[in-house]
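1. quick one: sequence and predicted model below, then my questions.
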Amino acid sequence: MAVPVISDYRALLDRLDRWFSAGRRAAPIAVPCRGGCTACCHGPFDISIADAELVSDAVGRLPAVEREAVASRARALLDRMRALEPGWEPPYEVAAIGDDRFDRLSDALAAEPCPLLDEAGRCRIYDDRPLVCRLIGLGMVTPAGRGIENACPIQDRFPGYAELAPVPFELEDFEEDELECLRAAAQRRLSDAERWEFETTIAGVVVNLG
């Protein structure tokens with residue numbers, strides 16, 4: 001049986017998926033962002049405490065051979081991360097080294113593939129990928145006038161892709177519901193709902209499953 005915080009968060013992410021699907025259908029060109037493209041699946045990046053719960057659950061459900069392959073890649077990447085930040089320790093919280101140092105670490109390892117990619121370059125847990133992975137591929141505009149640019153790193157390779165208009169999304173309402181998921185995840189994973197701003201990396205989660 002799914003843990004409520006995980007099932008609630010999956011339901012929340014479904015709203016993002018529906019937004020993306022609608023934006024893709026409405027686009028006047030074929031949107032290249034889809035499962036199997038790995039252009040944005042490199043380098044360490046921060047994920048939320050709710051994403052940590054989601055990734056941990058999804059990796060834990062992989063067949064043993066796949067799970068060990070992911071763990072091996074995660075350990076190797078984490079070793080490289082710790083070589084750059086020797087004092088960084090479990091649970092590998094981004095705040096422990098600060099945003100500036102984490103950004104430098106991410107830049108130094110920008111070419112490293114995500115531990116969740118298989119030999120063919122496909123995400124092993126695509127349906128349970130973190131929130132940030134679902135925000136890349138289309139621009140977004142919110143009712144409050146906030147804009148989030150399309151962060152696809154190869155969008156200039158496809159005619160018309162970079163010029164697509166941002167797709168409207170009720171992000172402010174989404175963030176209110178996300179906060180509830182973050183607090184629930186922090187309570188479950190860290191026994192402290194007030195640590196809802198906790199962020200880590202996929203490698204850190206995989207190496208510290210549970």
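-> Cool, the structure landed.
2. can you list the buried residues in the top helix by length along the chain?
-> For the chain, the helix with the greatest residue count under DSSP state H is helix 4-26. For helix 4-26, burial by neighbour count (16 or more other Cβ atoms under 10 Å) applies to 5-6, 8-10, 12-13, 15-16, 19-20, 23-24. C-betas here are computed from N, CA, C, even on glycine.
3. with adjacent residues omitted, what lies nearest to the residue nearest to the spatial centre of the chain?
-> Nearest to the geometric centre of the chain sits P130, at 3.1 Å (Cα atoms, centre = their mean). Once flanking residues are discounted, P130 sits nearest to D51: 3.9 Å by Cβ to Cβ, 6 or more residues apart in numbering.
4. give me the phi and psi angles of the one you found.
-> phi -60, psi -40 (degrees, to the nearest 10).
5. nearest residue to L105 other than its sequence neighbours?
-> Looking at L105 with Cβ to Cβ, 6+ apart, the closest residue is L84, at 5.1 Å.
6. I figured the one you found hits A108, correct?
-> Yes: assessed by Cβ atoms under 8 Å, L84 is found in contact with A108 at 5.9 Å.
7. let me see the contact set for the nearest residue to R75 once chain neighbours are set aside.
-> Leaving aside its chain neighbours, R75 sits nearest to V207 (5.8 Å; criterion: Cβ to Cβ, 6+ apart). By Cβ atoms under 8 Å, 6 or more residues apart in numbering, the contact set of V207 is A71, A74, R75, L78, P90, Y92.
8. quick check: the third one is in a strand.
-> To tie it back to what came earlier, the one meant is R75. No: counting by DSSP: H, G, I helix; E, B strand; the rest coil, R75 falls outside a strand, being helix.
9. ok, it to A184 distance?
-> From R75 over to A184 the distance is 29 Å, taken as Cβ to Cβ, to the nearest Å.
10. the two: who's more crowded?
-> A184 (21 against 14; other Cβ atoms under 10 Å).
11. check which helices and strands the helix or strand containing that one is in contact with.
-> Applying DSSP states H and E as the criterion places A184 in helix 171-190. Packing partners of helix 171-190 (3 or more Cβ pairs under 8 Å, 6 or more residues apart in numbering; DSSP states H and E): helix 4-26, helix 49-60.
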